[in-house]
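1. A structural model of the following input is requested.
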Amino acid sequence: MPGLVPATEDQTWTIAGRSTVLDPALLPAFMLATLVLLLIPGPNVALIVANSVAYGARYGLLTVAGTSAAMVVQLGLTGLGMAGLLGVAGSLFGWVRWLGVISCSSPGCGSGVPRLRTSPAFGRSRGQRR
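-> Just a heads-up that it's a prediction; the model follows:
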């Protein structure tokens, strides 16, 4: 990290010109907060669970593959120093999302969610029977 340099061989660090020492009394609270944050599911987990419940295990696994592939691309770009580009791309995708909301707000668009012709869980048309 820029501005973070060890001052001596003990656990003292210099941050912005001030020496700091990790207080051992704060370590259990830090570890507890870290554990709580690790246990809270993120948006990817919510998406995977929602797709699995709505469309079945196959679509849940496809969602896992899609989110994992996206994370690999994001990690690769970040590793190449493209974090700034990812930030700009995020705001551009926000504009694309809002353009979609605006374009589907007309009465003919329905709820804005495309309807599937087949049932994704079973792969057959709505009108077909077994």
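2. what about Gly56, neighbour count?
-> 14 (other CB atoms under 10 Å). All C-beta atoms are positioned from the backbone trio N, CA, C, and that covers glycine.
3. so which residues of this protein form helices?
-> Taking DSSP state H as the test, the helices found in the chain are 27-39, 43-55, 57-79, 83-103.
4. dump those into JSON lines; add mean pLDDT as well.
-> JSON lines is the format used below for the helices of the chain (pLDDT from 0 to 100):
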{"stretch": "helix 27-39", "mean pLDDT": "90"}
{"stretch": "helix 43-55", "mean pLDDT": "93"}
{"stretch": "helix 57-79", "mean pLDDT": "91"}
{"stretch": "helix 83-103", "mean pLDDT": "78"}
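5. mind putting the ones you listed in CSV, mean neighbour count included?
-> Formatted as CSV, the helices of the chain follow (neighbours: other CB atoms under 10 Å):
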stretch, mean neighbour count
helix 27-39, 9
helix 43-55, 14
helix 57-79, 13
helix 83-103, 10
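6. if I look at the closest residue to Pro41 other than its chain neighbours, how far off is Leu38?
-> Spatial nearest neighbour of Pro41, excluding adjacent residues (CB to CB, 6 or more residues apart in numbering): Val49 at 8.0 Å. Separation of Val49 from Leu38 (CB to CB, to the nearest Å) stands at 18 Å.
7. could you check how far Leu86 is from Phe93?
-> For Leu86, the distance to Phe93 under the criterion CB to CB works out to 10 Å.
8. please report phi then psi for Pro41.
-> Phi and psi for Pro41, reported as degrees, to the nearest 10, are phi -70, psi 150.
9. now do it, the pLDDT please.
-> Pro41 is assigned a predicted lDDT (pLDDT) of 86.
10. can you give me the neighbour number for it?
-> Neighbours around Pro41, by other CB under 10 Å: 9.
11. how much space separates it from Arg58?
-> From Pro41 over to Arg58 (counting by CB to CB), the distance is 21 Å.
12. cool, Ser68 as well?
-> 16 Å.
13. check Ala25 too.
-> For Ala25, the distance to Arg58 - CB to CB - is 51 Å.
14. again with Arg97
-> From Arg97 to Arg58 the distance is 26 Å (CB to CB).
15. nice, that's everything, thank you.
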